[in-house]
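In: got a structure for you, letters missing:
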């Protein structure tokens, strides 16, 4: 395996222990220069403390934010109708779409639209579980 970077005498091949995180930081949504990362505090084998991150979204991916349908109107296809134009545009652009879902009901709904659950995390403040779901262009 090839070493790709070194920082403070720590090789990327060294074992690290995650001490805290992820702390999600997003910016740029207002100017089109989107950046979404999960940051962690890690301890390297040489005891160095590191602030590390991983990119959260594939390059060029579209993040689908909040969608809501009143409970009395759910189950009638309204949510799918609301998403259809955005998903069609993403398909035309060849863009991957991703979203976060905190509801146990939502994965089945999004699954019918072509999304797959790719990761499960705990929200750092409330410890509520949520899923990251991804949809590849069709």
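Out: Arrived safely, thanks for sending. Fair warning: this is a prediction, and the values are worked out from it, not measured in the lab.

In: And for the longest helix seen in the chain, what's in contact with it?
Out: Of all segments of type helix in the chain, defined using DSSP state H, the longest is helix 78-93. Helix 78-93 has contacts (Cβ atoms under 8 Å, 6 or more residues apart in numbering) with 62, 64, 67, 69, 96-97, 109, 112-114, 135, 137-138. Where C-beta positions appear, they are placed from N, C-alpha and C, glycine not excepted.

In: Give the buried residues for that helix.
Out: Within helix 78-93, the residues that count as buried by 16 or more other Cβ atoms under 10 Å are 79, 83, 87, 90.

In: So which of those residues is the closest to residue 123?
Out: Nearest to residue 123 among the buried residues of helix 78-93, counting by Cβ to Cβ, is residue 79 at 22.2 Å.

In: Please parse this structure into its domains.
Out: 6-55, 62-135 (automatic domain parsing).

In: Would you single out the least confident of these?
Out: The weakest mean pLDDT among the domains of the chain belongs to domain 6-55, with a mean of 68.

In: will you turn the contacts of helix 78-93 into CSV that also has neighbour count and secondary structure?
Out: As requested, the contacts of helix 78-93 are exported to CSV (neighbours: other Cβ atoms under 10 Å; DSSP: H, G, I helix; E, B strand; the rest coil):
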residue, neighbour count, secondary structure
62, 20, strand
64, 19, coil
67, 15, coil
69, 16, coil
96, 16, coil
97, 25, strand
109, 18, helix
112, 10, helix
113, 15, coil
114, 15, coil
135, 23, strand
137, 14, coil
138, 9, coil
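
In: Before I go, just wanted to say thanks for your time.
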